[in-house]
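Trainee: no sequence for this one, just the structure:
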């Protein structure tokens, strides 16, 4: 089967509208080059080129009077979204689930920091207790504040 172009789709729409509305459809474009009209409809409906279902919907829901391209597009935009069935969850093997949980627990333990982030402060306070005088007053004060030994400023 030959692939339809969007121009072919517009031709089919015009054919359907001509059959449905007859002379009223043709009078609507009296004195206007029909190729220009089709080109205008093609450019206005180009957003539906990859999904023709809204155009089919519009053709199934035509109004009593001849629509213009804006009205036809509005009808097409009213096309309901497709309904998809939700797939059932795949069956799981309890042994595989247990194995994966164990692996994740091991990984979590491996990446958990072994220090609480205040070891630096403990080292400085220990050096101060041992009489180290090379530590600045600011470093000493910061270490004591980090450990809650001194009020924060």
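Mentor: That came through, no problem. Computed from a predicted model, the values in this text were never measured in an experiment. Residues are numbered from 1 along each chain as shown.
Trainee: show me the contacts for residue 66.
Mentor: 17, 21, 24-25, 28 (Cβ atoms under 8 Å, 6 or more residues apart in numbering). All C-beta atoms are positioned from the backbone trio N, CA, C, and that covers glycine.
Trainee: roughly how far out does the top helix by length along the chain sit from the chain middle?
Mentor: For the chain, the helix with the greatest residue count under DSSP state H is helix 94-111. The chain centre lies 31 Å from the centre of helix 94-111; the measure is Cα atoms, centre = their mean, to the nearest Å.
Trainee: roughly how far does the spatially closest residue to residue 146 that is not a sequence neighbour sit from residue 46?
Mentor: In space, residue 146 comes closest to residue 121 once its chain neighbours are excluded; the distance is 4.0 Å by Cβ to Cβ, 6 or more residues apart in numbering. Going from residue 121 to residue 46 by Cβ to Cβ, to the nearest Å gives 67 Å.
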